[in-house]
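Enquirer: Quick one, fold the following:
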Amino acid sequence: MTSAATVRQIAVLGSTGSIGTQTLDVLHRHPELFSPRWITCNTKWEDLAAQTRLYKPYGVALRDESAWQSFRSAVPEFTGPVLCGEAGICEAAADVENDVVISAMVGFSGVMPTMAAIRAGHVIGLANKESLVSAGSILMPAVAQYEATLLAIDSEHSAILQCLIGERASDIERFIITASGGPFRSFTAEQLESVTPAMALKHPNWSMGAKITVDSATLMNKGFEVIEARWLFDVPAERIDVVVHPQSIIHSMVEFVDGSVKAQLGLPSMLVPIQYALTYPHRKPLAAQRLNLAAIGQLTFEAPDLVRFPCVRIAYEALKAGGSAGAVINAANEVAVASFLAGQMPYLGIAKTIEWCLNYIEHVPHPSMDDVILIDEDARRRAAEYIYITTTKTQL
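Expert: Next up, the predicted model:
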């Protein structure tokens, strides 16, 4: 690790996505503190090329070989390493010169690079919640084994971390994760039947990538955050609650054994949790809009409707089942969301696909990482088959 007076080297995995671009913005705001060592993407080579010219990292990595070739042709002046494939991204994540690795890749693609950073003993800012959803029982023991540090960048888990500063684990009663409720919070069951991708991509509070925005609309994102909290903070499911908070000002709360509740508040912005992960356990000034509670006027709360939004219930069931269940629901969700965004299935089919896969794909109680990879592949195939069969029947 570098000394406090040295510029810290940051690897940004998934630099072209929403969290990745905002992370680079934070680095750009503090050149005296941070320098981008690695930036990576799956396929968006044009965006990566622009970032390379602007931020001048030490090296880049692209998962897709075609994108890698296009990048090489488009940026011949870049003389740093240009790595290819999952192995290349894992190499970037494990670089011994990294001081912090920001894992911001979308979906299951972030699992192995996150594990590579863990095995290197790095400090990891985790925005890829799918890593813990799919393989939390494997990653967290590895964190201890390799003496890595895992800091969540999700605003909800960053809020919990901030609330826990100075507190004893034995004094914690429960965690309360807040949810905006998404764009369809007040929709009836009948209205949900006609939801379109364009409607689902209009989040009332947050600006995010397409996949996570749909996850927020179904509340699957909140279910995943429950699973993530279980692994990050080593607490059982029954001590993690979800409450709908439409204003998205309180990001999470922690209740203690004496009934006291601590909450972390702020405007809906990922810049604070990103910077906090980069500077943890310290804080640095951030030029951003400040919270004005008088202008907001009121903060409201309600219980999530698990009938209209069954994905939260499904996530709790997967967490209770343990083993391979998390990998199954993550894979099924990725396939279902992609199908919905492509106009191949209705919005309500997302939850139905996930639940079918959870109930009918064979359960593996204690999967290895190799098992998780195979389970992910099988669940994707089975989810695609289920979607094809159900949508074909609907069209007949």
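Enquirer: can you pull the buried residues of the top helix by length along the chain?
Expert: For the chain, the longest helix by residue count, based on DSSP state H, is helix 369-395. Going by neighbour count (16 or more other C-beta atoms under 10 Å), the buried part of helix 369-395 is 371-373, 375-376, 378-380, 382-384, 386-387, 390. To be clear about C-beta, it is placed using only N, CA and C from the backbone, and glycine gets the same treatment.
Enquirer: Now flag whichever of those is closest to Val143.
Expert: Val372 (16.1 Å; C-beta to C-beta).
Enquirer: so the closest one makes contact with Ser134?
Expert: Yes: at 5.9 Å, Val372 counts as touching Ser134 under the criterion of C-beta atoms under 8 Å.
Enquirer: shared neighbours of these two, which are they?
Expert: Common contacts of Val372 and Ser134 (C-beta atoms under 8 Å, 6 or more residues apart in numbering): 111, 327.
Enquirer: residues in contact with Ile19?
Expert: 102, 104, 127, 153, 270, 274.
Enquirer: quick one: which of those is most hemmed in?
Expert: Neighbour tally across those (other C-beta atoms under 10 Å): the maximum, 35 neighbours, falls on Ile102.
Enquirer: Does that one belong to a helix, a strand or coil?
Expert: Secondary structure, DSSP: H, G, I helix; E, B strand; the rest coil: Ile102 is strand.
Enquirer: Beta-bridge partners for it, please?
Expert: With DSSP bridges as the criterion, Ile102 is bridged to Val12, Gly125.
Enquirer: Would you format the contacts of Ile19 as JSON lines with distance to Phe78 and pLDDT included?
Expert: Shown next, in JSON lines, are the contacts of Ile19 (distance: C-beta to C-beta, whole Å; pLDDT from 0 to 100):
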{"residue": "Ile102", "distance to Phe78": "21", "pLDDT": "98"}
{"residue": "Ala104", "distance to Phe78": "21", "pLDDT": "95"}
{"residue": "Ala127", "distance to Phe78": "26", "pLDDT": "94"}
{"residue": "Ile153", "distance to Phe78": "27", "pLDDT": "93"}
{"residue": "Met270", "distance to Phe78": "28", "pLDDT": "93"}
{"residue": "Ile274", "distance to Phe78": "25", "pLDDT": "96"}
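Enquirer: Which secondary structure elements does the longest helix of the chain sit against?
Expert: helix 130-145, helix 325-341, helix 349-360 (3 or more C-beta pairs under 8 Å, 6 or more residues apart in numbering; DSSP states H and E).
Enquirer: closest to Pro281 out of the ones you listed?
Expert: The closest of the helices and strands packed on helix 369-395 to Pro281 is helix 130-145. By C-beta to C-beta, the value is 17.0 Å.
Enquirer: Now compare the contacts of Ile19 and name the two farthest from each other.
Expert: Taking C-beta to C-beta as the measure, those have their most distant pair in Ile102 and Met270, spaced 11.4 Å apart.
Enquirer: contacting residues around Val364?
Expert: Taking C-beta under 8 Å, 6+ apart, we find Val364 in contact with 323-324, 371, 375.
Enquirer: And it, what's its pLDDT?
Expert: pLDDT for Val364: 97.
Enquirer: Quick check: phi and psi on it?
Expert: phi -110, psi 110 (degrees, to the nearest 10).
Enquirer: separation between it and Asn205?
Expert: Distance, Val364 to Asn205, using C-beta to C-beta, to the nearest Å: 37 Å.
Enquirer: Which residue ranges of the stretch 51-200 of the chain form strands?
Expert: Ranges of strands in the stretch 51-200 of the chain, per DSSP state E, counting those that start in this stretch, are 59-62, 82-84, 100-103, 123-126, 149-152, 172-179.
Enquirer: and the end-to-end length of stretch 26-34?
Expert: The first and last residues of stretch 26-34 sit 9 Å apart, counting by C-alpha to C-alpha, to the nearest Å.
Enquirer: What of stretch 152-171?
Expert: Criterion C-alpha to C-alpha; first-to-last residue distance in stretch 152-171 is 21 Å.
Enquirer: which residues are in contact with it?
Expert: Residues from elsewhere that reach stretch 152-171 (C-beta under 8 Å, 6+ apart): 19, 102, 104, 125-127, 129, 151, 172, 175, 177-178, 225, 228-229, 232-233, 250-254, 256-258, 262-264, 266, 268, 270, 272-274, 276-277, 280-281.
Enquirer: Just the buried residues from those, in ChimeraX please.
Expert: Typed into ChimeraX, the line below selects the buried ones among those, using 16+ other C-beta under 10 Å:
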select :19,102,104,125,126,127,129,151,172,175,177,178,225,228,229,232,233,250,251,252,253,254,256,262,263,264,266,270,272,273,274,276,277,280
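Enquirer: check which helix or strand covers Trp38.
Expert: Using DSSP states H and E, Trp38 maps to strand 34-41.
Enquirer: Give me the below-cutoff pLDDT ranges for the protein.
Expert: By pLDDT under 70, the weakly predicted segments of the chain are 1-5, 206-207, 393-396.
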